[in-house]
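> sequence plus predicted model, see below.
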Amino acid sequence: MIHINITDLWLSNYLCLLDVLAASQNNSNSGWETKAVEFFQDQLKERDTHTLVPSLNDVPLHYLKPNSLVKFRCLIQDMFDPEFYMGVYETVDPSTKTKMLRCGKYKDVTECGVDFNSRNTVTAERQTFYCVPIPGENPWVKEISSSCLTEARVVPSTSYAPSRQKRSYEEDDDMDTQPQKQREPHAGPHSPSEHHGNGDCKRQETEAPSSQTASASHLDLNFPLPGEKGPSCLVKVYEDWDRFKLNDTLEVYGILSVSPALSALADEKDASSSLLDPAESMETAEEQRVHSPPASLVPRLHMLHAKPLPHNNPLLPSIPVLDKESTLTVVILSSTLSEMASVREEILSYFTHVLLGDALAAEYLILHLISNVYSRRDVLPLGKFTLNLSGCPTVASYTERFYQIIQQLVPSSHYLAMSLQNMNQMRLVPKKDYVANRLVSGALQLARNTSLFLDETQLEQGQLDTTGVRNVTALGNLISWQKVDYDFNYHQMEFPCNINVLIASEGRSLLPSDCQIHLQPQVAPSHLEESLSSIHMHPQASSQLNKFRIYLSMARLLDYSISDEVTKSVEDDFVDMRKDDPQSISAEDLHRMLVVARLLSLSLGQTSLSRDSWLRAKHIEMLRRSRMEQHKCVNGNEP
Amino acid sequence: MSSPTSTPGGRKRGRNTNPPTPSSEDPTSPPSQRRRGQDSSTGDLMPMPTSPATDMLSPAAPQDTSLFSSPRPSVQPNEVDMSSPLMYGTPMRGTPARQRPDLGSVRKAPQVDLHSEPPSTDGAVASEPNAGQRLVIWGTDVNVGTCKEKFQRFLQRFTDPNSTEDENAGLDLNEPLYMQKLEEISVVGDPVLNVNCRHVQSFDAELYRQLICYPQEVIPTFDMAVNELFFERFPDSILEYQIQVRPYNALKTRNMRSLNPEDIDQLITISGMVIRTSQLIPEMQEGFFQCQVCAYSTRVEVDRGRIAEPAVCRNCNNTHSLALVHNRSVFSDKQMIKVQESPEDMPAGQTPHTTVVYAHNDLVDKVQPGDRVNITGIYRAVPMRVNPRQNNVKSVYKTHIDAIHFRKTDEKRLHGLDEEAEQKLFTEDRVQTLKELAAKPDVYERLSSALAPSIYEHEDIKKGILLQLFGGTRKDFSQTGRGNFRAEVNILLCGDPGTSKSQLLQYVYNLVPRGQYTSGKGSSAVGLTAYVMKDPETRQLVLQTGALVLSDNGICCIDEFDKMSDNTRSVLHEVMEQQTLSIAKAGIICQLNARTAVLAAANPVESQWNPKKTTIENIQLPHTLLSRFDLIFLMLDPQDEAYDRRLAHHLVSLYYQSEEQMEEEFLDMAVLKDYIAYARTYISPRLSEEASQALIEAYVDMRKIGSGRGMVSAYPRQLESLIRLAEAHAKVRFSEKVESIDVEEAKRLHREALKQSATDPRTGFVDISILTTGMSATARKRKEEVAQALKKLIQAKGKTPAMKYQQLLDDLRGQSETAITKELFDEALRALADEDYLTVTGKTVRLLA
C-alpha cells in the first residue's frame, strides 16, 4: 500500500502515513517506523527528489501546509534539554469506548482522550535544537537556491489556498479516523461553523502580518547577527542527537508543525496560569517565551533526516555531501580542476583592480578567501590564514565597497565595523542566559567558513570599557586559536570555530594576524573615487561571478598532500635560509610559508605541493616581507 | 466530572464526607508507569499488577469501570491520619511524623500493610492471591514487613571497617555504623539519617534494588523501621519530628546526559552545578476548612497541588458552607533549583543540559548558585497540558527531580582535603595500564615528549611543566604554626615572541581539569581574585571567584605576564607563596584557598631578548615575584643547523601528516590526563633518608658556589623548590618514596633553569641574587662604591648645606674613572638618603645634620 501515489503522500502528509502504518501494525514496534524513515531517505537519494521539497528558507511560513515535509538550511544556535514525550499512547473514544493506539512521534500535540493509565504507553526521549538560518548568508545564495526550487513551488501549490491552511489544524484530529479518500471531498464544502476552534484560526490568518511585526519586538529570535531575517525553528531530533554539535550547519528534512495549540500556550499563560500545574508556573515567563514561542513565529520541525552541509554554496553540487571522497574528486577532476588556473587569472586581475592595482595584495586575498582550518594539533589550528590588509584608504568609504565585492563572492560573510561604540556595546561572545535558559547569541557565533570582515579604519581614539576589552580579547582569541569562549557565567566553554577573518586597517592592526600586507595603491588618491566607481560601473556578468564563486568554494574543498621529496627540499631550504641569517626566518615564518604554499597550490588546482609552487610561495612571501620593511610600523610589538 | 471513584473509598470506612477527590484532575498527574517491559532490573516483577504505583490519578471519566477493579487503595486523603498505623507503624510516643513532600504523594501510597485492617475491596486484587503471606505494596514487589525487617537488620549489623568517608570520622568503625549514627541523633536531636546506598547494596542487594526501583514506597518503610528501632533504643529522647531516612550515593550515579525515560520514578544520583535557585515557595500540605454555619472544622490534605474542597459539612450537613482558613493550614517549604551538568562531563561542541530539582523542607536553601553538588532524588515526569480548556495535551512531559539528599562536592575543597579521590574513579583496567606505563624505565621521557607534541623540542621546559602538573606532596605544618606548605610548582617562561609560549600555555590549560587561562593584558586584580557582586534577583551580595580561586588544585596559566598592571600582580604575591587569597571588601572578609600552580609567560621588554642584560632587566618584573617561581625558563631560538633541520622536518610533517599517524607516535592525551590524575590522587611520596642527605648536600653545594666570590647563591626557597621537584619526579614514577634519582633530576632541572635565567651577563656566573634581590652581586657592589665616592665628594666640598643635583652629577662624573649613569647616581643618592646623610628634594640635594 505504500507505493500508491506515494510521492504525493509523503510530501503532503507524512504523519498520516505514519499513523496508517501504526494502526496496521497495531504497534508491535516491529520496525515499521524505521522502515518508513528508510523509505523516505531512499526517496531523497533519488536525483532531484529533494528539490521537490519546499524550503522554509524560501517559502513564507503561511504558504506551507502544516504536517507536510519541508526542508530548512540552518545553523544549530542552541541546544535545549532533552524532553520526554509519549512515544506511543492509547486514546479512548468517549462515545464508543474503543481504545486506539497512537504514535506520538513527529507530533507536538496528542489526540483527544488520552488514557494516562494505559499500560501500552511508551515514554520516549527526543532532543530540541534551536536553529536559525545560516548567519550572514549573502543575498545571492538565497536567490540562487530559491530559484533552484521553482519546481518545488509548483508541487505544494494546492496548499497555497488559504482555505487549506485554515482547515488543516482541525483536519489533523479527524484524519486518523477517516480514510484518506474521504477527506478530499470533505475538504471542499468546509464550513467555518463546523468546527469549534475555527474562529481562532481565521483570526490568526488575517492577523498574521501585523502580529508578526508586533511580537517580533518582544520575542527575540536570537539571531547571531543583528538585522537578520528569516524563520528560526525548533528542530526536534529523534535519534543520534549526539552527533550534532553546536554551530553545525545542516539541511534538515522534517515535518512542519505549526499547531496553533502551541501558541495558545503562550497566549493564555497569564490568564489561566493559576489553573495550571504549579510545577509549570515555576518556569519564568522568559523561559516560557523562549522554549515555547508561538508556532506561527517559530515553527517546530520534526526531523526525519539531516545532512550536514560542508558548504552552503548553491552553485556547487550538493551530491559530494553524500559520498564524500569519491564523487567530489570525480566531479572536480572532470570539469573544474583544469579550468582553475585560468579562472584564477581572471579573479586575480579582478582583485587587482579592486585593490587599486596592487597585484600582490590580490594574490594574498585569494589565498585568504580559500583558507580553511582543516585540522587541529592539540590546540593549534592548522590552515587558518587571517589577513591584515593595512594601508586601506579611508576616503570614499573604500572598505565598505571592498566588503560589498567580497559579499558578492563568498556564500556567507559579515561586516563588523570596529568602531569604539561597536566594540563597547556589541555582544560578540554568546552568553548563557540562565533566566530564560538559553544561549544568547553573539556576532561571533558563525558557521564554518564565514568571512568576517573587520573594519579597523572605523576605530578612533578613545577608551575601551570592560566589554570593549573583552570583545577585543575575544577577537584576538578567535584569530589566534580559532575558538570562541562562550560565557556560561560560572565558567567558560570553548567552542572551536572556523572563520576567515580579514582585517582592513590603516596601520598595522591591533589584533594579531597570520599575515599582514600593506596595500600599495597604483592609483593616485585623487583618482580613487573615479577608479572605485569604475568597479561598479563594470558589471561582472553573472556567469563570470558564478565562476568565481564556484572557484573559491571549490578550492577550499580540495585535498592536499606533500610528497617526501618536496618535504626534503623544503627542509633544506629552511636550513639554508637560517644559515645565511638566522634572524631572517623563524619557526613562525616557516609555519606561515607552509600555509601559503598550501593555499597557493590549492588555488592553482594542484592537490600536492610542487617544487614550483614552493618557490613561488617563497617568492611572494619575500615580496611581502620586503614591503613590510618599507612600511615598518610604529607600534610593533609582536611580528 | 465528579467521578464515581470516590465512592468506594467512602463506602469503605463508612464515612460519608469524602469529597469528590482528586478525581477530576486528569492529565496533570504523573505519567503512567515506568515502562517495565524495558526495565531489565525489574523484569521479575512483571507478573505483579502494574499500575499507578502512586495511585495516580484518577481516571479520566470514561474508564471508571476498569478503574474500579484496579486497586485504588486507601487514599481518601482526610482519612489518613498522621499517626495512623497505616502510615508509620506505631505512633512514636507523641513525636509527630513530618510529611515528606520529597517523596511525593507518599501518604497516598497504597500501603497494603500486614497489620492493617483486612484490605478493602481495592487492595484485595493484589493481596488475595497469596493470602496474607506475600502482601506487597500494590504495583511493586515490596513487602512492607520484610523490607522493614531487612532494613532494621541492616542498621543493626552493618559495619564498614574500611570506611574513609569523613562523616564517619570519630565513629568506631568496627561497631555497627548506623547504630552509632542513631545514637548521635539521640544526642544531637537532628532527626535525619543519611544512608549510603552503597552500604545497603553490599549488605543486601535485593533491598538495594527495591530501594532504587521503588523509592517512594521503600523509603517510608525505612522511616518506619528506623523510628521503631530508635524509640525502642532511646525511649526517652525527644525529637522535633520522626527520623527521616535520606539515602544518598545511589550507585546509579550518572551524568545528567544519560538520564532517560527508564529512570522515571527511580532513585538516582546525579552530579552537577547549581545555576539558579528560586525563592522559597510555601506549598500547602493540608488545608484547614471551617464551616461557616456550625464552626465545625476539618482538614483536607493536598493531593498533587490540589485541594479537594469538602462540599458538605459533616456536622451540620449544609452544603458549600466550608471556607478555607489560611493561617491554620499547614504549609511546607519548597524551592526550585536549576542544576546544570558540570563542564567536565560534557562532550565537546555541545551545550550543557539543565534539570529542575525541587528541594523540600530543610533542604531548602542548602545549596547556592555555583555549588557543585551530587543530588540524590526521585526522577519525575509530569505531562504538560496545552490548555486547561482543551482535552489534548502536549505530548511532552516535564521532568524534575525531587531531592532527597544533597552533597556538595566542592565543600571539602574549601576545608582543605583533596576531593578528587572519590570523584575520579578509575577502572581496574585503566589502573593496570597506568601502572604498566609507570613501570617503564623511560616513563619520565615518554610523558614529557607526549606533552604538547606539536611544540618542538624544549625538552627541559616540557619536563619542568610535567613536574608542575604532578606537583609536590602536600604537607601540613599547621600544628607547628607554619601553616600550609606550598606543594605547587610555579614556572615562568620568558623569551622571544613567537616561540610558542602561548601555545604551551594553551595546551596545559586544556590538559588539566581545573585549569584557567588568562592574559595579563585582559585581567584585572579583581578578575584574578574575587569580587563581590549584587545578585540581581535576590539583591544579596555574592562573592564571585576569579581565575586564581577557580583554579584551586589546578593550574592557572597567565599569558603576557609582563603586561599585567602592578596592582594586579601584587595579588599574586600571597597566592604564590601562602596559597591563599585574602579578601576584604564590601563587608566580606575572608580567606580563600588558592592552591594553584602558576604557569606564566612573559615577553622581554625590548621585544627581543637582550643577552647582555639580566633576566630582571629583560622582563622588568619585580624580583619579589620572580623569586616565587621555582623554575624560570628562557625560550630562545637556538641557532644551529641540526636543530633547524629537525625543526623544519617537524613542522612540515605537522602540515601533512594525517591525524592518525600523529597519534600513534605519541601517548594519547587522555592517557596522560588519567596518569596525572591518578598520581595526584593516590601517590604522595615521602623523602627517604638518602634523598634527604642528597638534598642537603645539593643545597650546601649551591651555597658554596657563591661563597667563594662573596655572594649568596642559594636561599632556603631554593631548597624548598628542590624538594618539591624531587617529590614531583617521584610521583611521575608512581613511587611512594623520594629517592636519590629524583633528587638528581630535580637538581639537574633546577640548575638548567638557573643557568638560563640567573646568569649574570657581566661575569658569566650563575648568580641567584639576580632573582632574589633583583640585581647581581657585582652590580650591588658597584652601587656601594659609587655611594661611597659620592659621600667623599660631598665631604670634600666642605660645609655646603645644599647642592644642585646636576652639578653634583657632573662633579662625580668628572671624578670617577668609570662611566656613571644617571640611574646609578640616583641609586647612590637613595642609598645615602637611607643612611640619613642627605635628602633629595626636587633638584636640590640637602645635607642632614
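Now that the structure is in, tell me what you want to look at. Worth saying up front: this structure is predicted, and the values here are computed from it rather than measured.

> what pLDDT does the residue of chain B found nearest chain A get?
Nearest to chain A, among the residues of chain B, is residue B:349, at 3.3 Å (CB to the nearest CB). In short, each C-beta sits where N, CA and C put it, glycine included. What the model reports for residue B:349 is a pLDDT of 76.

> repeat for residue B:77
38.

> returning to that earlier point: shouldn't the residue of chain B closest to chain A be within a strand?
No. Per DSSP: H, G, I helix; E, B strand; the rest coil, residue B:349 lies outside any strand segment and is coil.

> so it is in contact with residue A:79, correct?
No. At 9.8 Å, residue B:349 does not count as touching residue A:79 under the criterion of CB atoms under 8 Å.

> between those two, which one's more packed in?
Ranked by neighbour count (other CB atoms under 10 Å in any protein chain shown), residue B:349 and residue A:79 place residue A:79 first, with 22 against 17.

> check contacts around that one.
By CB atoms under 8 Å, 6 or more residues apart in numbering or on different chains, the contact list for residue A:79 reads A:127, A:128, A:129, A:130, A:244, A:246, B:350, B:351.

> who's in contact with the closest residue to the fifth one other than its chain neighbours?
Closest residue to residue A:244 in three dimensions, ignoring its sequence neighbours and counting by CB to CB, 6 or more residues apart in numbering or on different chains: residue A:76, at 6.1 Å. Residue A:76 sits next to A:129, A:130, A:131, A:235, A:244, A:245, A:246, A:247, A:248, A:250 when contact means CB under 8 Å, 6+ apart.

> which residues does residue A:76 bridge with?
residue A:131 (DSSP bridges).

> what about it, distance to residue A:439?
The spacing between residue A:76 and residue A:439, counted by CB to CB, to the nearest Å, is 10 Å.

> nearest residue to residue B:195 in space, please, no chain neighbours.
Nearest residue to residue B:195, sequence neighbours excluded (CB to CB, 6+ apart): residue B:247, at 4.9 Å.

> so where does that neighbour fall, helix or strand?
Using DSSP states H and E, residue B:247 sits within strand B:244-248.

> pull up the residues of the stretch 151-300 of chain B that are close to chain A.
B:260, B:261, B:264, B:273, B:275, B:276, B:278, B:281, B:283 (CB under 8 Å from any CB of the partner chain).

> you'd agree the fifth one is up against residue A:433?
No. Using CB under 8 Å, residue B:275 and residue A:433 do not qualify as a contacting pair, with a distance of 10.8 Å.

> follow-up on the earlier one: ramachandran angles for the residue of chain B closest to chain A?
phi 80, psi 10 (degrees, to the nearest 10).

> nearest to chain B: which residue in chain A?
For chain A, CB to the nearest CB, closest residue to chain B: residue A:245, 3.3 Å.

> which residues sit against stretch B:633-646?
Stretch B:633-646 has contacts (CB under 8 Å, 6+ apart) with A:571, A:574-575, A:578-579, A:582, A:586-587, B:456-458, B:460-461, B:464, B:491-496, B:499-501, B:609, B:615, B:753, B:756-757.

> which parts of that stretch are buried?
Going by neighbour count (16 or more other CB atoms under 10 Å in any protein chain shown), the buried part of stretch B:633-646 is B:633, B:634, B:635, B:637, B:644.

> which SSE is the first one in?
When elements are defined using DSSP H and E, residue B:633 is found to belong to strand B:631-635.

> could you give the mean pLDDT of that strand?
For strand B:631-635, the mean pLDDT works out to 79.

> same check on stretch B:781-790?
On average, the pLDDT along stretch B:781-790 is 77.

> export that stretch as CSV, just CAs?
This file holds the C-alpha atoms of stretch B:781-790, laid out as CSV (Å, rounded to 0.1, in the frame of the first residue of the first chain):
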residue,chain,number,x,y,z
LYS,B,781,79.0,46.1,44.9
ARG,B,782,79.3,48.8,42.2
LYS,B,783,76.4,50.7,43.7
GLU,B,784,78.0,50.8,47.1
GLU,B,785,81.2,52.0,45.6
VAL,B,786,79.5,54.9,43.8
ALA,B,787,77.7,55.8,47.0
GLN,B,788,81.0,55.9,48.9
ALA,B,789,82.6,58.0,46.2
LEU,B,790,79.7,60.4,46.3
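
> which strands and helices lie in contact with the strand holding residue B:247?
Under the contact criterion of 3 or more CB pairs under 8 Å, 6 or more residues apart in numbering or on different chains; DSSP states H and E, strand B:244-248 touches strand B:192-196, helix B:197-203, helix B:215-233, strand B:372-385, strand B:393-408.

> ok, back up a step: now the residues of the stretch 151-300 of chain B next to chain A in JSON lines, with distance to residue A:459, secondary structure and pLDDT?
Converted to JSON lines, these look like this (distance: CB to CB, whole Å; DSSP: H, G, I helix; E, B strand; the rest coil; pLDDT from 0 to 100):
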{"residue": "B:260", "distance to residue A:459": "51", "secondary structure": "coil", "pLDDT": "80"}
{"residue": "B:261", "distance to residue A:459": "54", "secondary structure": "helix", "pLDDT": "80"}
{"residue": "B:264", "distance to residue A:459": "56", "secondary structure": "coil", "pLDDT": "83"}
{"residue": "B:273", "distance to residue A:459": "38", "secondary structure": "strand", "pLDDT": "82"}
{"residue": "B:275", "distance to residue A:459": "36", "secondary structure": "strand", "pLDDT": "80"}
{"residue": "B:276", "distance to residue A:459": "38", "secondary structure": "strand", "pLDDT": "78"}
{"residue": "B:278", "distance to residue A:459": "44", "secondary structure": "coil", "pLDDT": "80"}
{"residue": "B:281", "distance to residue A:459": "50", "secondary structure": "strand", "pLDDT": "81"}
{"residue": "B:283", "distance to residue A:459": "56", "secondary structure": "strand", "pLDDT": "80"}
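
> narrow the residues you listed to those that are buried.
For those, buried by 16+ other CB under 10 Å: B:261, B:264, B:273, B:275, B:276, B:278, B:283.

> what residues are bridge-paired with the third one?
Beta bridges link residue B:273 to residue B:340, residue B:372, judged by DSSP bridges.

> surely it is in contact with residue B:375?
No. The criterion here is CB under 8 Å, and residue B:273 misses it with residue B:375 at 10.8 Å.

> give me the common contacts of the two.
Common neighbours of residue B:273 and residue B:375 (criterion: CB under 8 Å, 6+ apart): residue B:339.

> do you know how far residue B:584 is from residue B:572?
17 Å.

> do residue B:842 as well
35 Å.

> need the helices for the stretch 451-600 of chain A, in chain order.
Using DSSP state H, counting those that start in this stretch, the helices of the stretch 451-600 of chain A run over A:466-481, A:528-537, A:542-557, A:564-580, A:587-603.

> can the last one be said to contact chain B?
Right, helix A:587-603. Yes. Remark: helix A:587-603 sits within contact range of chain B at A:587, A:588, A:590, A:591, A:594, A:595, A:598, by CB under 8 Å from any CB.

> and the fourth one, by the same measure?
Yes. Legend: contact between helix A:564-580 and chain B by CB under 8 Å from any CB is shown at A:567, A:570, A:571, A:574, A:575, A:578, A:579.
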